[in-house]
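Student: Below is the structure, and that's it, no one-letter string:
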């Protein structure tokens, strides 16, 4: 299955494992809660989805790459104690607490989250001395004589043997005690993520044209050559920064991320064309409603791949604006929730000064976000999500009156209304960009394959799909219904024709 489905499966499993009965006991006893074993190629997002799942389930997360550990750090150091058996004193070996188990308790204490995920990566690449410990861990949920705390679900991950020569195969006894999820690289799922994560549009459009180069791994006489989803995303991040710094990215830089020389060379050539088209076709002018002279004539005789590339440039610019709009919309939703809480608490605490109450609620929100970070939930995304929210709330705070407490909420609401009106203006400006994009698409391509591609990619982008659900764009819905429905209908007819041929040939 792909990583998106795997994430849903893991989240559903965790929710089931943490379900309690009327007496407060877990419906599935902990000893029967099979550890999850996530197997798949490197760089598809196995580790990343753990952050996301912990955030969505609001539980803690402790992550370890087990290959960095020795037997002692995993199970604890031995020490000698004296005990009496049958009236005689004996020296007995015991162990200190495992560093990994101790980290779980530290996470519980720091975050207050008593339930969570203990994620062990590269579990099938341990050393020979540590292998029995890992088998015991999966079978008994213990490291040495220390048990994983109640309420913590074990998720482990590993790579198939073709990607790592250090891999050890699990025996049937172990595999019969775990829940195995096999993951494969999936370009469509990566594209959905890429739009949301702001991956460079040159990467997305290149992979549209060359899907076979999304994920490759090959052992050659020159060594291992590979390219992964992680490599594409990391390359994208560097490309964006290079553009901001005015630096040129060439093949020698690209191959540092795409460690498959032929693909690196191919993408380097593609990037040169991407930047040239970006300059020649002046997408900002098109989105402003001004189609540059000669562009339509040039496209009329352009090869198909060049025509698709122009559509990709258009989509990239649109998604940038729509993405910024959706982030602003989300921030305003969080601010709305905060102000609603402020109004409710104001009515419950009429004697508390408004400025003091506002500060208390702001501190509570900061502490809540900090606790989520300390729980191990996606720290970077949390900071990005709340950075603008906190800056805006500080601006709201400065608008509070010094004395007239009764007007406090009305003043805050006035600031909020101005922000909401600003968002509304920006949203209508984005609608104008979409209209201008459709003007160009109709003039340049009509109801062609390029239009189908344009509509399909808008539908795939989470930000664009969210925007179009909230703001009406008649031409999008018209083309979506006309072109994509016809495409689906043609596919159904093709499948039916194949079934008829099989029936006529006596295959059924």
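Tutor: Right, received. Where do you want to start? Small disclaimer: the values here were computed from a predicted structure and weren't measured.

Student: Can you report phi and psi for the residue nearest to residue 449 when sequence neighbours are not counted?
Tutor: Spatial nearest neighbour of residue 449, excluding adjacent residues (C-beta to C-beta, 6 or more residues apart in numbering): residue 304 at 7.8 Å. For the C-beta atoms, the positions are set from N, CA and C on the backbone; glycine is no exception. Main-chain dihedrals, residue 304, degrees, to the nearest 10: phi -60, psi -40.

Student: so where's the stretch 251-400 of the chain shaky on pLDDT?
Tutor: Within the stretch 251-400 of the chain, the segments meeting pLDDT under 70 span 376-381.

Student: Where do the helices of it begin and end?
Tutor: For the stretch 251-400 of the chain, applying DSSP state H, counting those that start in this stretch gives helices covering 251-254, 261-281, 283-287, 295-300, 304-348, 354-374, 379-398.

Student: how distant is the third one from the center of its chain?
Tutor: The gap between the average C-alpha position of helix 283-287 and the chain average comes to 30 Å, counting by C-alpha atoms, centre = their mean, to the nearest Å.

Student: Ok, the fifth one next?
Tutor: For helix 304-348, the gap between its own C-alpha mean and the chain's C-alpha mean amounts to 16 Å (C-alpha atoms, centre = their mean).

Student: Just to check, residue 277 is in contact with residue 310?
Tutor: Yes - Residue 277 lies in contact with residue 310 (C-beta atoms under 8 Å); the separation is 6.3 Å.

Student: Looking only at neighbour counts, state which of those two leads.
Tutor: Taking other C-beta atoms under 10 Å, residue 277 and residue 310 do not tie; residue 310 has more neighbours (24 against 16).

Student: Would you agree the more buried one is in contact with residue 296?
Tutor: No - in this structure, residue 310 is not within contact of residue 296 by C-beta under 8 Å, at 10.8 Å.

Student: shared neighbours of those two, anything?
Tutor: residue 444 (C-beta atoms under 8 Å, 6 or more residues apart in numbering).

Student: if I look at residue 327, how far off is residue 462?
Tutor: Per C-beta to C-beta, to the nearest Å, residue 327 is found 12 Å from residue 462.

Student: of the helices of the stretch 251-400 of the chain, which approaches residue 136 most closely?
Tutor: Closest of these to residue 136 is helix 354-374, at 29.4 Å (criterion: C-beta to C-beta).

Student: Now do the buried residues in the closest one.
Tutor: Neighbour-count burial for helix 354-374, counted by 16 or more other C-beta atoms under 10 Å, picks out 354, 357, 358, 361, 362, 365, 369, 372, 373, 374.

Student: For those residues, could you give me a markdown table that also reports distance to residue 52?
Tutor: Shown next, in a markdown table, are the buried residues of helix 354-374 (distance: C-beta to C-beta, whole Å):
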| residue | distance to residue 52 |
| --- | --- |
| 354 | 37 |
| 357 | 34 |
| 358 | 32 |
| 361 | 27 |
| 362 | 26 |
| 365 | 21 |
| 369 | 16 |
| 372 | 12 |
| 373 | 14 |
| 374 | 17 |
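
Student: Point me to the residue sitting closest to the centre of the chain.
Tutor: Geometric centre of the chain, nearest residue: residue 193, 6.0 Å, by C-alpha atoms, centre = their mean.

Student: Let me know whether that residue touches residue 45 as I believe.
Tutor: Yes - judged on C-beta under 8 Å, residue 193 makes contact with residue 45 at a distance of 7.5 Å.

Student: what sits against the closest residue to residue 354 other than its chain neighbours?
Tutor: Among residues not flanking residue 354 along the chain, residue 408 sits closest, at 3.6 Å (C-beta to C-beta, 6+ apart). By C-beta under 8 Å, 6+ apart, the contact list for residue 408 reads 346, 354, 355, 358, 400, 401.
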